[in-house]
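**Q** My questions are about this predicted structure, shown below with the sequence.
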Amino acid sequence: MRLLLAILFPPLVFFTINRPFQGIMNALLWMTVIGWPVAAIWAIYSLSQYRNDELRREFDYDRGYSHGRRYRY
């Protein structure tokens with residue numbers, strides 16, 4: 001769903017992943033006809049980075065690396 005949103009309305013993706021400043025900058029770029037493909041690519045890239053960060057946080061939590069702990073006893 002977010003991927004389709006990133007292609008059609010790129011600035012909205014940044015607001016759904018809690019990056020409002022980038023959303024405003026992307027909206028300014030999206031308003032130009034030439035900048036629309038660039039804005040869409042930027043939104044798709046940021047969405048993939050957000051998903052990777054979520055997976056990394058989940059993996060670290062499952063392995064016991066949360067709260068500064070390195071090893072599980």
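**A** Perfect, I can see it now.

**Q** Run through who's touching the helix or strand containing Met25.
**A** Using DSSP states H and E, Met25 falls within helix 20-30. Residues from elsewhere that reach helix 20-30 (C-beta atoms under 8 Å, 6 or more residues apart in numbering): 9-15, 35-36, 38-40, 42-43, 46. Heads up, the C-betas are built off the backbone N, CA and C, glycines and all.

**Q** What residues sit buried inside that helix?
**A** Gln22, Gly23, Asn26, Ala27, Leu29, Trp30 (16 or more other C-beta atoms under 10 Å).

**Q** just checking, next helix/strand downstream of that helix?
**A** helix 36-63.

**Q** Could you give the average pLDDT over that following helix?
**A** For helix 36-63, mean pLDDT is 87.

**Q** quick one: it to chain centroid distance?
**A** 5 Å (C-alpha atoms, centre = their mean, to the nearest Å).

**Q** Tell me the buried residues in that helix?
**A** Applying 16+ other C-beta under 10 Å to helix 36-63 flags Ala39, Ala40, Trp42, Ala43, Ile44, Ser46, Leu47, Tyr50 as buried.

**Q** The first one and Leu12 touch, don't they?
**A** This points to Ala39. No: contact criterion C-beta atoms under 8 Å: Ala39 and Leu12 do not qualify, at 11.0 Å.
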